[in-house]
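Novice: Show me the folded form of this:
(one chain, ligands or ions: 1)
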Amino acid sequence: MTAYQFEIQHIHQTFHKGTANEHHVLKGIDLKVKKGDFICLIGGNGSGKSTLLNAISGSFPIDEGKLLLKQKEIQSLKEYQRAKFIGRVFQDPNLGTSPRMTIAENLSIAQKRGAKRSFIKRATSSNAVKQFSKEVEMLELGLENRLNTEIGLLSGGQRQAITLLMSVLQKPELLLLDEHTAALDPKIAKFIMKKTNELITKQHLTAMMVTHNLQDALSYGNRLIMMQAGKIVLDLNQTEKEKMTVEELYQLFSQ
Ligand SMILES: Nc1ncnc2c1ncn2[C@@H]1O[C@H](COP(=O)(O)OP(=O)(O)OP(=O)(O)O)[C@@H](O)[C@H]1O
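Specialist: I've put the predicted structure just below:
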């Protein structure tokens with residue numbers, strides 16, 4: 001029997017239950033994810049992609065179903081508890097970092113999640129800085145020389161690169177990327193996508209990435225999932241993905 005890294009078992013989610021605005025957004029989602037799977041998740045506006053990632057990370061308690069991470073049920077855990085093993089990057093580069101803290105301090109928070117601030121200060125003044133410097137260097141943005149710069153002074157692209165690094169610093173059991181390049185200019189978006197792929201492959205991370213870029217969805221990862229109206233309607237493996245063209249995928253998307 002395959003031991004999956006992550007399993008979604010029959011998730012349902014309805015918002016505004018019992019009111020005129022009742023909306024059944026996730027309609028019985030099932031998914032088995034192997035360790036090292038890098039899944040691209042596509043689907044039209046409002047199909048439920050972000051809601052699915054929110055359900056996984058614990059933004060709200062799910063109505064029905066189970067979430068199993070390495071065979072342990074996590075659906076009852078609070079969002080902050082899941083954050084210890086689930087990394088997340090959002091579309092907005094302003095989310096996920098503390099703007100008034102330096103790059104080093106932000107990285108320190110990511111590394112010592114849950115530690116007291118005094119500990120974070122000590123960590124940034126010790127060998128940790130050297131280690132951060134090495135990690136930041138791989139982003140190839142020259143930010144290793146600006147570790148004491150406040151995050152709020154960085155450009156959106158630089159900030160998103162740091163957020164990405166922070167999300168993988170503790171080697172998450174599952175990494176969730178929600179259109180994390182969508183707010184960036186095309187050049188930096190391409191660069192961040194390349195770095196994302198490098199980080200995921202190098203660390204053999206298990207990841208789910210929401211994207212509206214069909215080319216990225218075909219180029220990256222080993223599996224492609226499409227959602228429509230709260231259901232998974234397409235699930236392609238690596239071989240099927242390699243055979244598919246953007247035009248063919250677009251046709252399926254538009255059905
Ligand atoms: N917390 C919430 N309360 C009420 N409705 C919600 C909530 N979260 C999501 N929805 C609704 O669920 C539906 C699906 O939204 P979701 O953001 O998951 O779609 P999506 O596939 O990520 O879309 P997009 O591509 O536009 O980001 C939408 O109609 C949205 O308004």
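Novice: how about Arg88, phi and psi?
Specialist: Torsion angles at Arg88 (phi, psi; degrees, to the nearest 10) stand at phi -150, psi 140.
Novice: Ignore what I typed, I meant Leu95.
Specialist: Note on Leu95: its backbone torsions stand at phi -90, psi 150 [degrees, to the nearest 10].
Novice: secondary structure element for the spatially closest residue to it that is not a sequence neighbour?
Specialist: Closest residue in space to Leu95, ignoring its immediate chain neighbours: Thr163 at 7.7 Å, by C-beta to C-beta, 6 or more residues apart in numbering. C-beta: built from backbone N, CA, C; applies to glycine. If you go by DSSP states H and E, Thr163 is part of helix 156-168.
Novice: cool, and Leu236?
Specialist: Leu236 belongs to strand 231-237, assigned by DSSP H and E.
Novice: Please enumerate the strands of the stretch 51-200 of the chain.
Specialist: Here the stretch 51-200 of the chain has its strands, by DSSP state E, counting those that start in this stretch, at 64-69, 72-73, 86-89, 174-178.
Novice: Kindly format the C-alpha coordinates of the longest one as CSV.
Specialist: The reference is to strand 64-69. Provided in CSV are the C-alpha atoms of strand 64-69 (Å, rounded to 0.1, in the frame of the first residue of the first chain):
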residue,chain,number,x,y,z
GLU,A,64,-16.8,17.7,6.0
GLY,A,65,-14.0,15.4,5.1
LYS,A,66,-10.5,14.6,6.2
LEU,A,67,-7.0,16.0,5.6
LEU,A,68,-4.1,13.5,6.3
LEU,A,69,-0.5,14.6,6.3
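Novice: hmm, who's touching that strand?
Specialist: By C-beta atoms under 8 Å, 6 or more residues apart in numbering, the residues outside strand 64-69 that reach it are 4-13, 28-29, 55-56, 73-75, 85-86, 173-174.
Novice: what sits against Asp216?
Specialist: Taking C-beta under 8 Å, 6+ apart as the contact definition, Asp216 lies against 40, 181, 193.
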